[in-house]
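Student: Structure for this input, please:
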Amino acid sequence: QVQLVESGGGLAQAGGSLRLSCVASGRTSSSYTMGWFRQAPGKEREFVAAISRSGLSTYYADSMKDRITISRDNAKNTVYLRLNSLKAEDTTVYYCAATSKPLTAQAMGVPGLYDYWGQGTQVTVSS
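Tutor: Purely as a prediction, here's the structure:
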């Protein structure tokens, strides 16, 4: 069992940057593949990025890969998501997720394969 708590969201200007953090408690985060998703009201949860247990492999949504970076510090049980060149359409709630399943690269973006979710952090981008 692991609990996930996101932080770092807030109000930012278009073109700016934010760094989201996700702290895992309970079982150590190095046991899990970690992912970031986002979900706007009335829409399906959308994959943003994922990172392997070791941090050596990263996966990004094609639509965002030029503007985002996922990283992790297993010593701190923390996963980060750096959002650059923010756009108004980045405004939504961002969720951290963890899974102990051995996922293929193609499966990293499937929300249903993640076992644990945080409560989300709101990102609002003003234009």
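
Student: Okay, the residue most central in space within the chain and Ala107: tell me how far apart.
Tutor: The centre of the chain sits closest to Trp36, judged by Cα atoms, centre = their mean, with a distance of 1.9 Å. Per Cβ to Cβ, to the nearest Å, Trp36 is found 15 Å from Ala107. From N, CA and C alone the C-beta is placed, and that goes for glycine too.

Student: For Asp73, give me its contacts.
Tutor: Taking Cβ atoms under 8 Å, 6 or more residues apart in numbering as the contact definition, Asp73 lies against Tyr80.

Student: if you set the cut-off to 10 Å instead, what comes out?
Tutor: Counting by Cβ atoms under 10 Å, 6 or more residues apart in numbering, Asp73 makes contact with Ser21, Ser29, Gly55, Val79, Tyr80.

Student: any idea how far it lies from Gly15?
Tutor: For Asp73, the distance to Gly15 - Cβ to Cβ - is 27 Å.

Student: same deal with Pro111?
Tutor: Counting by Cβ to Cβ - Pro111 and Gly15 are separated by 29 Å.

Student: Those two: which is more packed in?
Tutor: Set side by side, Pro111 and Gly15 show more neighbours around Pro111, with 16 against 11, by other Cβ atoms under 10 Å.
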